[in-house]
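**Q** return atomic coordinates for the entry below.
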Amino acid sequence: MASSSLDTEAGQAHKAGDGGYTTAATAHAVDTDSWQQVGLLLVTGFNCAYVLSFSNLMMVPLGWWWGAACLLFIGAAAWYANWLLAGLHLVDGHRFIRYRDLMGYVFGTRMYYITWFLQFITLLLGSMGFILLGGRALKAISAEFTGDSTPRLQWFIAATGAMYFAFAYFVPTISARRNWLATSAALTLTFDVALLAVLVKDGRSSKQTDYSIHGTQQEKVFSTLGAIAAILVCNTSGLLPEIQSTLRKPSVSNMRRALALQYTVGAAAYYGISVAGYWAYGAAASEYLPNQLGGPRWASVLINATAFLQSIVSQHLFTVPIHEAMDTRLQRLDEGMFSRHNMACRLVARAVLFCVNVFN
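**A** Just a heads-up that it's a prediction; the model follows:
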């Protein structure tokens, strides 16, 4: 194996948890959470505002047969891949709390930096998507009351970015989200049930639904590849070691229990919405489902409001690796997260990150 890159970001390491394995220094909490907490985090994290686009992204390009087959096959493959990856959390006396650390240890420093770049770019783009979806939810709520005089989307995107910034600042780590998981779960359940109810109502009232796949042969090929990529993204986060680092020992078996919860309860929810949206609207399914919901005004407001509020919590999961890297680099590790110096550093770091995401 190549030499370890555990100290690439932090100039120190320590013995902690799981039988004295060497763990890279980090500003964030390690060894604190139960598997039930992490499992609920995964379920609510993946059942986020992105599900409002899943019917259009995943089912419309593939149709019923290939869509269902790809959902099941890719979901099972992602579960197995993450199950295997969870077993690599502890290797040769090292506990890997970051994806890039594991890649650097196995393949060398070059792969460490390649993984660092690809992971952070993907997470930044995902964060931008969250901000856009949150802004669209706020605008949809406003449109229900103001009609054509609704402000431009950019104002709602800025407001969403400000809310995300505040949450990321005051709830700085994955483990710190424990006090918000019950709220997130309640919002997720409300959002999913309300959306499914309206979709079933619209589907039953539709007399003729077109399920054919439209476009030229070339368009179909590219849209199919995009759908497969979307199914993969909705099933795996690309930051499993970062999530697993918060688990109490035995961290491997606990992570696999949490994954089982994600790929059963969690997948049933976001797959159910994807299939219901396609069943209700077919090839006409919108890239943002609330735009075509036929329910009453209160249902549209409820769905958009709960989707927005839940996204504040869930988006934090997918930006934590970036926050952790900046916090570990800038903060004093011998002080608490809420020391004066660390709070000032975190304020600057979070502000820079969300300004980049909002204004790009």
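
**Q** now for the longest helix seen in the chain, which elements pack on it?
**A** Looking across the chain with DSSP state H, the single longest helix is helix 109-146. The helices and strands touching helix 109-146, judged by 3 or more C-beta pairs under 8 Å, 6 or more residues apart in numbering; DSSP states H and E, are helix 99-107, helix 153-170, helix 297-330, helix 340-359. No exception for glycine: its C-beta is placed from N, CA and C like everyone else's.

**Q** what are the buried residues along the shortest one?
**A** Taking 16 or more other C-beta atoms under 10 Å as the neighbour-count basis, helix 99-107 is seen to contain the buried residues 99-106.

**Q** let's have those in CSV, adding distance to residue 164 and pLDDT.
**A** Listed next are the buried residues of helix 99-107 as CSV, based on distance: C-beta to C-beta, whole Å; pLDDT from 0 to 100:
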residue, distance to residue 164, pLDDT
99, 23, 89
100, 24, 90
101, 27, 90
102, 28, 89
103, 28, 91
104, 30, 90
105, 32, 90
106, 34, 88
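
**Q** tell me which of those residues is nearest to residue 262?
**A** residue 99 (17.2 Å; C-beta to C-beta).

**Q** so that closest one touches residue 239, yeah?
**A** Yes: under the criterion of C-beta atoms under 8 Å, residue 99 makes contact with residue 239 at 6.2 Å.

**Q** phi, psi for the residue with the largest distance to the centre of the chain please.
**A** For the chain, the C-alpha farthest from the mean C-alpha position belongs to residue 207; by C-alpha atoms, centre = their mean, that distance is 35.8 Å. For residue 207, the backbone dihedrals (degrees, to the nearest 10) come out as phi -80, psi -30.

**Q** same check, this time on residue 24
**A** Torsion angles, degrees, to the nearest 10, at residue 24: phi -60, psi 150.

**Q** so it sits right up against residue 98, yeah?
**A** Yes: assessed by C-beta under 8 Å, residue 24 is found in contact with residue 98 at 7.0 Å.

**Q** okay, the two: which has more neighbours?
**A** A side-by-side neighbour count of residue 24 and residue 98, using other C-beta atoms under 10 Å, places residue 98 first with 26 against 23.

**Q** could you check how far that one is from residue 197?
**A** 41 Å (C-beta to C-beta, to the nearest Å).

**Q** then residue 65?
**A** Using C-beta to C-beta, residue 65 is found at 27 Å from residue 197.

**Q** so between the two, which is more surrounded?
**A** residue 197 (14 against 8).

**Q** contacts only, for the more buried one.
**A** Taking C-beta atoms under 8 Å, 6 or more residues apart in numbering, we find residue 197 in contact with 295, 299.

**Q** cool, and residue 89?
**A** 95-96, 241, 244-245, 251-252, 255.

**Q** among those residues, which one has the most neighbours?
**A** Using other C-beta under 10 Å as the neighbour criterion, residue 245 leads the contacts of residue 89 with 29 neighbours.

**Q** wait, that one sits on residue 97?
**A** Yes: the criterion here is C-beta under 8 Å, and residue 245 meets it with residue 97 at 3.5 Å.

**Q** list phi and psi for the closest residue in space to residue 46 that isn't next to it in sequence.
**A** Nearest non-adjacent residue to residue 46, counting by C-beta to C-beta, 6 or more residues apart in numbering: residue 266, 5.3 Å away. The phi and psi values for residue 266, taken as degrees, to the nearest 10, are phi -60, psi -50.

**Q** surely residue 266 is in contact with residue 40?
**A** No: contact between residue 266 and residue 40 fails when scored by C-beta under 8 Å: they sit 9.3 Å apart.

**Q** which of the residues in the longest helix of the chain are buried?
**A** By neighbour count with 16+ other C-beta under 10 Å, helix 109-146 contains the buried residues 111-112, 115-116, 119, 123-124, 126-143.

**Q** and the angle from it to helix 297-330?
**A** Helix 109-146 and helix 297-330 are oriented at 150 degrees to each other (axes from the mean of the first three to the mean of the last three C-alpha atoms, to 10 degrees).

**Q** perfect, I'm done here.
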